[in-house]
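*Asks:* no letters, just coordinates:
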């Protein structure tokens, strides 16, 4: 790839500097900005293809709009790297997504140019409309509000709700539909087909403009001319129902489709649009990964490629000796196929996460029984409920942080009807560099209060397989939730025979006399490592894998409280409302008395960083567990000495 000298970009520290450039210099700036993103991400990692696709749009927006007074909201935020670079974060961009570095997503705390924090999709139009209404109420009639939303994010119900309101709002709102036919995987659904049709059939506005010019040349004057012009334009909207009518019917003035990589045309169009009152939508066509051939050709792979050689396009892979444990998501993906081959009632559902959840394996083998519903978590949950009413066995795979968006449906459509939907929550726990918007740390707490919902977590790959097997057995009449973390497990030889687990039972991992640890899910492996290292120091700790936080194993808890004065609970969810809370509730109800420490995610916002760094920061990695064990045992020894002294 031809390297561009970063002469213009070096001069841009904020949008004010950008506006000093001649319009003719913008194509060169875009080349430099694209090269800067490629260079930095290749060496430091991050999301990739999305931001390459919005380089020209980013430059045009900041060149035309008066940011930060004009408020710019980037939906999701994957495409906002150019925005960060042009708004004062060029020199810190190499810290993107690193612990204590800048966020991979827009954040209000990070910059005045980040008008709204985004990480989950489809929030931008609602947020921008709220800001626009506030400006209207405040008398700021010149203020612009721009929401940049991808066609994948546009599939979510929230986006349509916002468009419906926006059309009746009479506000300075510009919705920019960044259409590249992708989210992470290929987009699905009727909207994708509709937008493709718009792109192929030409420009509605061009036709309307030409008709308008023709009418003005007619020998008509006064009100009659105006009436004819109005009636003709209305007729065009009806006649072109297969083109722009969808957006126009919502009272959004439609512009496009426009080449999203023609920065000069974008500037011209945005300058024109900012002076048109009312809500508007600009439809731009972009290429995800634009300007970097490998990313253009394999868009899903290059959504987040990791480190790579920018010259050869070769993605770096760690050199590891011997067999390695698989990712939990792949264990799920292969196991659900095995189960579906045995049980023809099994279907799989995911909201736009075929690759991320590894449900792609089922889609490849059983496409008629696998449903990618797009970025529609609410729909995914209720769709699963509908299937379950008809006797289907539904594996609904949703990231933990995205399940939050389907909570009402979980309560109303599944739990209250006690439908046996199997929810596999991927990315449970701290997820790493994606940070606060993507940590799956709340699901235990927000689910544990729901009656009849089974909540489980595997300590390893074999346990995941067994929980999946147990959940799909005939006769189950309750919803079943299985949560597991992002990344690798611990078993290279993971494809073990399926085995039924008795619901609501834990298991003893190791004996111990000094203290007991109760773990839930994958962090049990951290506790096991801690126990083994403590054994070398003469400290003997028992470890129990709870497996279920609801129903919790009461028999096991009675045993623990009857034999141990000191307990530690370990989980990768919030301390409030999780396993530790459940254990304390049991202790209080049954009038036990013990010294209990809860290790998990503290009651604060945890930012981004490597998963290992965040586990350490939260204090439930191996070393954190060891430190708490030693502290508790030391306190117990001090107490025993005081008691002995007083007895003398």
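*Replies:* Cool, the structure landed. Everything quoted here is computed from the prediction, not taken from an experiment. Residues are numbered from 1 along each chain as shown.

*Asks:* every contact and neighbour count from this point should use C-alpha atoms.
*Replies:* OK.

*Asks:* check the residue lying closest to residue 352 once chain neighbours are set aside and give its pLDDT.
*Replies:* Leaving aside its chain neighbours, residue 352 sits nearest to residue 374 (4.3 Å; criterion: CA to CA, 6 or more residues apart in numbering). The predicted local distance difference test score for residue 374 is 91.

*Asks:* cool, and residue 228?
*Replies:* The per-residue pLDDT reported for residue 228 equals 57.

*Asks:* so what secondary structure elements neighbour the longest strand seen in the chain?
*Replies:* The longest strand of the chain (DSSP state E) is strand 566-574. In this structure, strand 566-574 makes packing contacts with helix 443-448, strand 515-519, helix 524-536, helix 579-589, strand 595-601, judged by 3 or more CA pairs under 8 Å, 6 or more residues apart in numbering; DSSP states H and E.

*Asks:* repeat that for 7 Å
*Replies:* With contacts defined as 3 or more CA pairs under 7 Å, 6 or more residues apart in numbering; DSSP states H and E, strand 566-574 has these neighbours: strand 515-519, strand 595-601.

*Asks:* in the last one, what's buried?
*Replies:* Within strand 595-601, the residues that qualify as buried by neighbour count (16 or more other CA atoms under 10 Å) are 596, 597, 598, 599, 600, 601.

*Asks:* may I have the beta-bridge partners of the last one?
*Replies:* Going by DSSP bridges, residue 601 is paired in beta bridges with residue 574.

*Asks:* same check, this time on the second one
*Replies:* For residue 597, the beta-bridge partners are residue 568 (DSSP bridges).

*Asks:* number of residues surrounding the residue nearest to residue 352?
*Replies:* Residue 374 is flanked by 24 other residues according to other CA atoms under 10 Å.

*Asks:* okay, now the domains of the chain?
*Replies:* As assigned by automatic domain parsing, the chain contains the domains 9-202+243-303, 328-483, 508-647.

*Asks:* so which of the ones you listed is nearest residue 496?
*Replies:* For residue 496, the closest of the domains of the chain is domain 328-483, at 6.0 Å, according to CA to CA.

*Asks:* and that closest one, how far out from the chain middle?
*Replies:* Chain-centre distance of domain 328-483: 16 Å, with CA atoms, centre = their mean, to the nearest Å.

*Asks:* tell me how far the ends of that domain are from each other?
*Replies:* Domain 328-483 has an end-to-end distance of 10 Å (criterion: CA to CA, to the nearest Å).

*Asks:* what's in contact with the helix or strand containing residue 28?
*Replies:* If you go by DSSP states H and E, residue 28 is part of helix 26-44. When contacts are defined by CA atoms under 7 Å, 6 or more residues apart in numbering, helix 26-44 is touched by residues 4, 6, 8-9, 48, 52, 55-56, 82, 94, 263, 307-310.

*Asks:* could you list the low-pLDDT ranges of the stretch 51-200 of the chain?
*Replies:* The model of the stretch 51-200 of the chain has pLDDT under 70 over residues 182-190, 192-193, 195-200.

*Asks:* next: the stretch 501-648 of the chain.
*Replies:* Residues of the stretch 501-648 of the chain that meet the criterion pLDDT under 70 lie in 642-648.

*Asks:* span of stretch 295-309 from start to end?
*Replies:* 13 Å.

*Asks:* so for it, what gets flagged as buried?
*Replies:* Neighbour-count burial for stretch 295-309 flags 295, 296, 299, 300, 301, 302, 303, 304, 305, 306, 307, 308 (criterion: 16+ other CA under 10 Å).

*Asks:* show me what contacts the closest residue to the first one other than its chain neighbours?
*Replies:* It stands for residue 295. Counting by CA to CA, 6+ apart, residue 289 is the residue found nearest to residue 295 once chain neighbours are left out, at 4.6 Å. By CA under 7 Å, 6+ apart, the contact set of residue 289 is 49, 50, 52, 53, 295, 296, 299.

*Asks:* just put those in TSV and tack on distance to residue 583 and secondary structure.
*Replies:* Shown next, in TSV, are the contacts of residue 289 (distance: CA to CA, whole Å; DSSP: H, G, I helix; E, B strand; the rest coil):
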residue	distance to residue 583	secondary structure
49	46	helix
50	44	helix
52	49	helix
53	50	coil
295	49	helix
296	51	helix
299	46	coil
